[in-house]
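Peer 1: For reference, the sequence and a predicted model appear below.
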Amino acid sequence: MASSRDDHSLRKMMKKVSLKRKNLSSDTRRPKRQKVLKEEHKLDELDWKVVERPSAAGIDEAGGILMLEEVDNVEVYYEETPKGKVARFRQVIEPKQNAPARAENEGHSNNHLEIREEQADSSLDQDASDEEVHDVPELPEWSGMELAPVILQRLHDQGFTSPTAIQKQTLPLSLAGRDVIGISQTGSGKTLAFALPILHHILSASPTKVTKGHRRTLKALIITPTRELALQVSEHINACAPLRTEKQIKLHAPPRVSLATIVGGMSSQKQTRMLERGADIIVATPGRFWELVSDNDELAKQVAGVRFLVLDEADRMIENGHFAELDKIIRLTSRPESMESSPEPANTDDDEERSSRNIMQTFVFSATMNKDLQRNLKRFKSSKPKTTNGTTIDDLLSRLDFRDSDPTVVDLSPKDRLVSTFQESKVECLTTDKDAYLYYFLLRYPGRSLVFMSSIDGIRRLTPILELLQLKIWPLHSQMEQKQRLKNLERFKNATKCVLLATDVAARGLDVPFVDHVIHFQVPRSADVYVHRNGRTARAERPGFGLLLCAPDERKLLRALFKNLNRKDDEVMDLPVERDLLDKLKNRVEVARKIDKIQHGATKENHDKKWLRDAAEALEIELSDEELGNGKANNEKDRQVKALKRQLSDLLSQPLMARGISAKFITSGSRPIVDDLLRGENHDTLLGLKVVAAQDDVATKGKNTKGKRIANPGKPRKMPMAK
Ligand SMILES: Nc1ncnc2c1ncn2[C@@H]1O[C@H](COP(=O)(O)OP(=O)(O)OP(=O)(O)O)[C@@H](O)[C@H]1O
């Protein structure tokens, strides 16, 4: 430690001396009038730089914009060409005080970037002391890990005073250079379990000198199955990386740890630029990353020499149609057959490459991974059936070239695969009644609810109905634009009483704090999906609640699901439902459905009519109002919608009273609501009911299918929370 400090001071001194010398010599050489250079560039060649944003993932109020870039000193002018006006861009290179006239003296062109980076680089060295943590926080629970002080500081800042179980068990292994397969329940902190060793490795090395022609070497490649998860993983890593001082930001000093997020749905040109600048860590989804790496030999080389390879939610990766790309990426990180058996590099010119290839660490994490697979790992190590075309998780793991002869499997998943702070329940009802039960649940237990549906069409059908019922609801599915997906996710994160209606694109890994309820509108198709969906609530030891809506034709599925989880379906508690209220809500739902049906039909018709109008215009024929559908039928529909909307608004304005409540004499009913009113425990919209958490209501009133009360229905424990 002492010697590294001495080294550091020495470097600082030397830097000052060399800076002085530079200034001195430049003063003597600086010409009186400096020439301003103007150079012609293509849009992509300009000196773009990423703009600091409040949220690391960039998904904030700015409308879901993923990344902002700006460029200084660019003149835009227009040139007349045979094809019309074309915009041209000219970078204006003004001489800098600290690095004057280098372009002229050394004949360099386009050295603006170089000058800026050189300044940044010197500032990094000068500022290194700012980055140091002077008072390493006392975090005894982390002490055995020997993590870099700045990481401890950042963990402390986030209130992470002790490692979670999976972190405690895997970090000593990964910090000791081992390959790790980590399996632990949803929300148990797996992201930092694989991210902290990577950050520690980068921060323990001396900072990379970022100058033109010398960019960062890629240290870690993290692959995740969905875009949202990739952005979230980046956000979690950034939250543990050193903060930049104001001075460093002002001087455009490069960050100590540079991270690039490469996902589909955003400009690949921007991502290419980011990669050209170089990054220590890349977090990516397989499709887009393969698109970029297959076109870029330099990047492929970097991937081949990567120090850490991480597959997050590995088992999902084989499901979502990107297996082929993932396989090709994995192949890049594999050693050629000749190197596999030589743990120590031979003494050749390629020594450096050989040694980096031999020490790559592989981390594979998920909340679900079957036991056979874990047992099979050792078999894979020896047999490596790399030529099979199947797409099972076994197959995926068989393709990984673990450098460790004995990768360690840390499996902390609970036996019934349920998080201990999670309470589940179910409602058995007709398919046609599901909308009403959902509406009932959302009104009865207001909170942040994530509703999973098995089809995009289902989401398209239900969203407008719940909107008509005046719920705050946003859809999320793969056919939406990425920007809109992120915007809706961010809205969901920031509101309190709201609903996100999503497909399984939101089932894995998403860490939305304080999701109160997960509702399965249909019985999920596998136990893994059920586990991951439920994992969006009850995270980091907080309480959470899950509700399954099961139609008669789904009963068989339900039984199979619970059998898979080693449980009986009749152990699951039924949600207690106030039937009177449910009936009233059914009326509202019915009217909302009618309105939507007419409006939906009208939208479709308008779409068809637009096509007809356009065709008629192109053929220069005139169509009558009747033919264009502008006639009586349309007016009739408008009238119907107006009447139904009036009816719905009427229904929505009527108070919803539980059985046994008198609206006129609130003290006379069979329910003691006055006390609740006085204590402020009354439900806002359902008169006569108390405000109660769904899990508490189920625990006290719930019965199972056989009508039995369960003595200890697994009431969620309240645990100490991280900030
Ligand atoms: N040591 C810690 N102490 C307290 N909270 C932590 C700790 N480590 C991580 N967390 C928090 O716990 C939450 C869940 O972490 P994370 O998203 O990594 O879970 P996960 O195991 O990857 O879940 P999933 O399987 O659903 O992807 C996050 O909000 C994270 O910031």
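Peer 2: Perfect, thanks for sending it.

Peer 1: Could you chop this protein up by domain?
Peer 2: 422-578, 590-654 (automatic domain parsing).

Peer 1: Would you single out the least confident of these?
Peer 2: Lowest mean pLDDT of the domains of the chain: domain 590-654, a mean of 80.

Peer 1: And that one, end to end?
Peer 2: Distance between the boundary residues of domain 590-654 (Cα to Cα, to the nearest Å) amounts to 16 Å.

Peer 1: next one: stretch 531-545
Peer 2: 12 Å.

Peer 1: Contact residues of the stretch 101-250 of the chain facing the ligand?
Peer 2: With Cβ under 6 Å from any ligand atom as the criterion, the stretch 101-250 of the chain meets the ligand at residues 160, 163-164, 167, 186-192, 236. C-beta: built from backbone N, CA, C; applies to glycine.

Peer 1: can I get those in CSV with secondary structure?
Peer 2: Below are these laid out as CSV (DSSP: H, G, I helix; E, B strand; the rest coil):
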residue, secondary structure
Phe160, coil
Pro163, coil
Thr164, coil
Gln167, helix
Thr186, coil
Gly187, coil
Ser188, coil
Gly189, coil
Lys190, helix
Thr191, helix
Leu192, helix
His236, helix
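
Peer 1: that older thread, can you tell me which of the domains of the chain is packed in deepest?
Peer 2: domain 422-578 (a mean of 20; mean count of other Cβ atoms under 10 Å).

Peer 1: For the stretch 551-700 of the chain, just list every one of the helices.
Peer 2: For the stretch 551-700 of the chain, the helices defined by DSSP state H, counting those that start in this stretch occupy 555-564, 579-619, 632-653, 673-679, 694-701.

Peer 1: got a list of what the residue in the stretch 251-400 of the chain that the ligand sits nearest to touches?
Peer 2: Using Cβ to the nearest ligand atom, the single residue of the stretch 251-400 of the chain nearest to the ligand is Ala367, 3.9 Å away. Contact analysis of Ala367 by Cβ atoms under 8 Å, 6 or more residues apart in numbering lists 183-186, 188, 190, 313, 413, 531-532, 535.

Peer 1: do Leu412 as well
Peer 2: Shown in contact with Leu412 (Cβ under 8 Å, 6+ apart): 165-166, 169, 183-185, 188.

Peer 1: List buried residues within those.
Peer 2: Buried members of the contacts of Leu412, scored by 16 or more other Cβ atoms under 10 Å, are 166, 169, 183-185, 188.

Peer 1: List, one by one, the residues from the stretch 251-400 of the chain near the ligand.
Peer 2: For the stretch 251-400 of the chain, the residues in contact with the ligand (Cβ under 6 Å from any ligand atom) are Ala367.

Peer 1: my guess is Val283 meets Arg227, correct?
Peer 2: No. Judged on Cβ atoms under 8 Å, Val283 makes no contact with Arg227 at a distance of 10.4 Å.

Peer 1: Looking at these two, which is more packed in?
Peer 2: Neighbour totals were compared for Val283 and Arg227, and Val283 leads with 29 against 24 (other Cβ atoms under 10 Å).

Peer 1: pLDDT score assigned to that one?
Peer 2: For Val283, the pLDDT comes out at 97.

Peer 1: so it sits in a helix?
Peer 2: No. Applying three-state DSSP, one finds Val283 to be strand, outside a helix.

Peer 1: Run through the bridge partners of it.
Peer 2: Ile222, Thr261 (DSSP bridges).

Peer 1: and it, what does it touch?
Peer 2: Val283 is in contact with 222, 224, 230, 233-234, 237, 259-262, counting by Cβ under 8 Å, 6+ apart.

Peer 1: Over to Gln647?
Peer 2: Val591.

Peer 1: Alongside the ligand, which residues does the stretch 501-650 of the chain contribute?
Peer 2: Close to the ligand, as judged by Cβ under 6 Å from any ligand atom, the stretch 501-650 of the chain has residues 509, 511, 535, 539-540.

Peer 1: Please repeat the previous calculation with a cut-off of 8 Å.
Peer 2: Residues of the stretch 501-650 of the chain found near the ligand (Cβ under 8 Å from any ligand atom) are 508-511, 513, 532, 535-536, 539-540.

Peer 1: among the residues you listed, which are in helices?
Peer 2: Within those, residues falling in helices by DSSP state H are His532.

Peer 1: tell me which of the residues of the stretch 501-650 of the chain next to the ligand is nearest to Ile473?
Peer 2: Ranked by distance to Ile473 (Cβ to Cβ), those are led by Arg536 at 16.3 Å.

Peer 1: Would you list the phi and psi of the closest one?
Peer 2: phi -80, psi -10 (degrees, to the nearest 10).

Peer 1: mind starting the numbering at 190 from now?
Peer 2: Yes, from this point I'll number from 190; that puts the last item at Arg725.

Peer 1: which residues does it contact?
Peer 2: 375, 639, 695-696, 699, 701, 704, 707.

Peer 1: repeat that for 7 Å
Peer 2: Applying Cβ atoms under 7 Å, 6 or more residues apart in numbering to Arg725 gives the contacts 639, 699, 701, 704, 707.

Peer 1: May I have the distance across stretch 424-438, first residue to last?
Peer 2: 19 Å.

Peer 1: and which of the contacts of Leu601 is nearest to the ligand?
Peer 2: When these are compared against the ligand (criterion: Cβ to the nearest ligand atom), the nearest one is Ser377, at 4.3 Å.

Peer 1: I'd guessed the closest one sits against Thr353; true?
Peer 2: Yes. Assessed by Cβ atoms under 7 Å, Ser377 is found in contact with Thr353 at 5.4 Å.

Peer 1: on that earlier part again, put together TSV for the contacts of Val472, with neighbour count and pLDDT on each row.
Peer 2: Shown next, in TSV, are the contacts of Val472 (neighbours: other Cβ atoms under 10 Å; pLDDT from 0 to 100):
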residue	neighbour count	pLDDT
Ile411	25	97
Thr413	28	93
Ala419	26	93
Val422	29	95
Ser423	25	95
Ile426	24	96
Leu448	23	94
Ala449	21	94
Thr450	30	94
Ile451	28	94
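
Peer 1: rewinding a little: closest one of the contacts of Arg725 to Leu498?
Peer 2: Of all the contacts of Arg725, Leu498 sits closest to Leu699, with 22.8 Å by Cβ to Cβ.

Peer 1: can you tell if stretch 637-645 touches the ligand?
Peer 2: No. Residues of stretch 637-645 contacting the ligand under Cβ under 8 Å from any ligand atom: none, with a closest distance of 12.3 Å.

Peer 1: Let's see that stretch as CSV, backbone CA atoms only.
Peer 2: Provided in CSV are the C-alpha atoms of stretch 637-645 (Å, rounded to 0.1, in the frame of the first residue of the first chain):
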residue,chain,number,x,y,z
ARG,A,637,-47.6,-0.9,-7.9
SER,A,638,-48.9,-4.0,-9.8
LEU,A,639,-47.3,-5.9,-12.6
VAL,A,640,-49.8,-7.9,-14.6
PHE,A,641,-48.4,-10.6,-16.9
MET,A,642,-50.3,-11.7,-20.0
SER,A,643,-49.4,-14.4,-22.3
SER,A,644,-50.0,-12.6,-25.5
ILE,A,645,-49.5,-9.1,-27.0
